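Undergrad: Sequence first, then the predicted structure, then my questions.
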Amino acid sequence: MPVVETNTSRPILAPWHAPKHWPKGPPTRNSWPAVVCTRHPIRDRPGVLTVTSPTSRRTVLAAAVAVAAGAVTASAGPAAASGGAARPKQGRPLVDNQAWTSHADWRSGTAHGVRAETGRRPGIVIARPAGTSSYTDPHTQRTATWEYASWTSPVHRSTVPATESVAHWNAHTPPGTWIQVELLGTYTDGTATPAYVMGRWTAGDGDTDIRRTSVDGQGDGKSSISTDTFAIDTPASGLRLASYRLRVTLYRPPGSRLTPTVWRLGAMASDIPDRFTVDASTPGHAGELAVPSYSQEIHKGQYPQYDNGGEAWCSPTSSQMIIEHWGRRPSAADLAWVDPSYADPQVCHAARQTYDYQYQGCGNWPFNAAYAATYRDLSAVVTRLRSLNDVETLVRAGIPAITSQSFLATELTGAGYGTSGHLMTVIGFTADGDVIAHDPASPDDAAVRRVYKRREFENIWLRTKRYNASGNVSSGTGGICYLYWPASPTAGQRKALAAVGIR
């Protein structure tokens with residue numbers, strides 16, 4: 001286990017005071033667990049996209065596609081899996097991962113006012129602003145002028161003509177600075193997408209900061225943005241995303257010498273067929289990583305302005321467990337705003353720093369990865385994996401995974417609840433191949449470690465379609481996975497990441 005160090009790269013959060021219009025008391029729950037951090041799907045049958053009001057909360061596409069037995073590719077090329085885990089039969093590539101991280105990568109793009117920096121962790125910073133622009137924050141109604149500079153990637157032609165794409169970024173944003181990430185795509189019919197905003201992000205939420213936010217209401221009749229996910233509106237039409245560029249714009253106050261630093265910019269693109277079940281993988285590696293245990297449920301009612309408190313905090317709770325596995329944690333100053341009577345204050349902190357003010361929740365996938373990457377020398381991505389064999393490969397190299405799944409209470413033995421969207425960490429495997437998970441939907445920290453049946457877990461994680469509690473067809477959660485690892489990985493960790501399509 002690495003030596004624990006406090007976080008010195010992120011801004012200290014100011015104390016929180018309840019707004020005058022906030023209810024005097026948080027909602028109560030009479031039973032555990034009534035709600036488990038739900039991300040609602042928006043596509044419920046093959047080839048049909050049903051989008052709720054563009055300003056309603058929980059419109060994110062949590063479950064439109066899933067990874068089952070298929071290949072994952074990275075732009076740098078696939079690598080052999082480490083650990084000798086048995087894999088399901090590979091078919092056509094279903095997932096493509098691309099990222100720009102090196103000095104050469106940053107030099108290959110189009111720069112407007114940014115400079116590529118060398119060093120231990122190459123990145124881009126504002127060198128000379130390209131101009132100024134005005135932004136009215138929809139969540140504070142404040143209008144301000146900002147200096148900006150931008151970087152646009154080369155065109156990436158995906159190895160997988162895609163129905164979906166999720167961007168990610170790793171960046172440092174000093175107080176008063178922020179970044180915007182956009183996807184500029186080309187369809188397989190040769191036409192262009194709009195410049196889709198995939199996120200406006202800053203680590204802090206002080207008086208000088210914007211409120212980090214997704215952007216609703218984006219679409220062109222062919223595709224739409226659902227919180228953090230680009231999705232083709234009608235996959236049955238055969239239309240796909242053929243290629244894309246990513247553009248990141250760095251903002252700071254006029255006359256300031258501050259600058260965001262962007263170390264990593266990338267996206268996952270996928271095209272996953274619909275299925276209710278997936279082929280079972282053959283157990284490979286057995287072992288368990290040392291990972292802290294944190295329950296979201298002990299935070300019920302705490303800071304309800306962040307998605308109604310702990311009962312909805314599965315994503316930040318899972319993120320915090322893995323961040324601390326790597327020896328990073330918030331400093332005492334970071335946690336000074338949290339009520340000292342609350343246990344595990346770092347979970348409250350993680351919820352605050354992952355909160356999406358438009359989505360009104362802490363489950364924005366790229367925002368969780370971006371939060372993890374604010375800790376010193378941590379890298380983070382959002383991707384999709386093929387099977388539990390991929391997770392075994394990662395665990396063997398010391399890298400735990402955060403997985404997203406949905407299920408009825410009867411579909412996951414020992415869980416004791418059902419959910420249409422929940423995240424937990426996979427930290428190991430038993431000798432029989434069953435999944436050792438740290439499930440934050442547990443009554444207390446001591447109950448977080450669970451062992452779930454391999455076949456059940458793999459199916460609820462990877463399927464694309466399922467029957468909900470009403471007996472209607474709904475979408476599966478889709479094999480989504482957060483991966484966090486050291487920015488300077490060991491040779492074994494690098495090999496394991498390459499084996500699952502990450503570089």
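TA: Alright, I've got the coordinates.
Undergrad: Tell me where the model's unsure across the protein.
TA: 1-91 (pLDDT under 70).
Undergrad: How about the contacts made by the residue sitting nearest the centre point of it?
TA: Centroid-nearest residue in the chain: Trp365, 2.5 Å away (criterion: CA atoms, centre = their mean). Contacts of Trp365 were listed using CB atoms under 8 Å, 6 or more residues apart in numbering, and they are 166, 168, 228-229, 315, 382, 480, 482. From N, CA and C alone the C-beta is placed, and that goes for glycine too.
Undergrad: could you dump these to CSV with distance to Ser102?
TA: Formatted as CSV, the contacts of Trp365 follow (distance: CB to CB, whole Å):
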residue, distance to Ser102
Val166, 22
His168, 16
Asp228, 25
Thr229, 27
Ser315, 29
Val382, 20
Ile480, 26
Tyr482, 22
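Undergrad: From these, which land in helices?
TA: Ser315 (DSSP state H).
Undergrad: From the contacts of Trp365, which land in strands?
TA: Under the assignment DSSP state E, those contribute 166, 168, 229, 382, 480, 482 to strands.
Undergrad: how near is the closest residue in space to Val382 that isn't next to it in sequence to Thr354?
TA: Spatial nearest neighbour of Val382, excluding adjacent residues (CB to CB, 6 or more residues apart in numbering): Trp365 at 4.6 Å. According to CB to CB, to the nearest Å, Trp365 and Thr354 sit 10 Å apart.
Undergrad: Which parts of the stretch 351-500 of the chain are helices?
TA: With DSSP state H, counting those that start in this stretch, the ranges of helices along the stretch 351-500 of the chain come out as 365-372, 388-396, 454-462, 491-499.
Undergrad: Thr191: neighbour count?
TA: Residues lying near Thr191 (other CB atoms under 10 Å) number 11.
Undergrad: Could I get the phi/psi values of it?
TA: Dihedral pair for Thr191: phi -90, psi 160, per degrees, to the nearest 10.
Undergrad: Let me know the distance separating Asn472 from Ala370.
TA: 35 Å.
Undergrad: Over to Ser165?
TA: 17 Å.
Undergrad: One more: Ala231?
TA: The spacing between Ala231 and Ala370, counted by CB to CB, is 21 Å.
Undergrad: Settle it for me: which of the two has more neighbours?
TA: Neighbour tally, Ala231 and Ala370, criterion other CB under 10 Å: the higher count belongs to Ala370, 27 against 23.
Undergrad: Can you spell out which helices and strands pack onto the helix or strand harbouring Ala350?
TA: Ala350 belongs to helix 345-354 when assigned by DSSP states H and E. Contact analysis of helix 345-354 by 3 or more CB pairs under 8 Å, 6 or more residues apart in numbering; DSSP states H and E lists helix 314-325, helix 365-372 as its packing neighbours.
Undergrad: Sheet partners, orientation included, of the very next helix or strand once past the first one?
TA: To tie it back to what came earlier, the one meant is helix 314-325. Per DSSP H and E, the first helix or strand lying C-terminal to helix 314-325 is strand 328-329. Applying DSSP bridges, strand 328-329 is found paired with strand 5-6 (parallel).
Undergrad: Pretty sure Val473 sits against Thr464.
TA: No: assessed by CB atoms under 8 Å, Val473 is found out of contact with Thr464, at 10.6 Å.
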